[in-house]
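Q: return atomic coordinates for the entry below.
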Amino acid sequence: MNLRVIEGGLAGAVDVPGFKVRVPRHEDVRREADRRLRRIGYDRWRSRQIATGAPMPREIRYQAMQIEFVAERLSTLPMIPTDYHSDIYWPA
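A: Residues are numbered from 1 along each chain as shown. Here you go, the predicted structure:
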């Protein structure tokens, strides 16, 4: 049996008494923002706007802007909170 070391698995881990916590990176925040954009159907509305010229609903456009703003702000923090995916940071 051949075993090999996988690089980067625990590179961002922080020691907390009792267990290891992975430090979030800006890619993690971006993935969470993309997940929230998919949940509101932003890509579908944007594609519809491009294809038909019909405007995107204002609520979708504003919520997408808010999600992008939060993602940008969280990504630039020196220490991204470990609960970055919590609803307290993101628009409802």
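
Q: tell me the SS of the most centrally placed residue in the chain?
A: Geometric centre of the chain, nearest residue: Glu32, 2.3 Å, by CA atoms, centre = their mean. Following DSSP: H, G, I helix; E, B strand; the rest coil, the label given to Glu32 is helix.

Q: my guess is it contacts Tyr84. True?
A: Yes - here Glu32 reaches Tyr84: they are 6.5 Å apart, a contact under CB atoms under 8 Å. (C-beta placed from N, C-alpha, C; glycine too.)

Q: mind listing the helices for the protein?
A: 26-40, 42-52, 58-76 (DSSP state H).

Q: quick one: the last one to helix 26-40, angle?
A: Helix 58-76 and helix 26-40 meet at an angle of 170 degrees, taking axes from the mean of the first three to the mean of the last three CA atoms, to 10 degrees as the criterion.

Q: repeat that for the second one.
A: Counting by the same axes, to 10 degrees, helix 42-52 lies at 60 degrees to helix 26-40.

Q: make a markdown table out of the helices of the chain and add mean pLDDT and distance to Tyr89.
A: Supplementary listing: these in a markdown table, determined by pLDDT from 0 to 100; distance: least, CB to CB, whole Å:
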| stretch | mean pLDDT | distance to Tyr89 |
| --- | --- | --- |
| helix 26-40 | 95 | 9 |
| helix 42-52 | 96 | 18 |
| helix 58-76 | 95 | 6 |
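
Q: what sits against Leu74?
A: Val29, Ile80, Pro81, Tyr84, Tyr89 (CB atoms under 8 Å, 6 or more residues apart in numbering).

Q: in this structure the fourth one contacts Arg30, no?
A: No - at 10.7 Å, Tyr84 does not count as touching Arg30 under the criterion of CB under 8 Å.

Q: quick one, phi/psi of the closest residue to the residue nearest to the centre of the chain other than its chain neighbours?
A: The shortest distance from Glu32 to any residue other than its chain neighbours is 4.9 Å, reached at His85 (CB to CB, 6 or more residues apart in numbering). Note on His85: its backbone torsions stand at phi -80, psi 0 [degrees, to the nearest 10].
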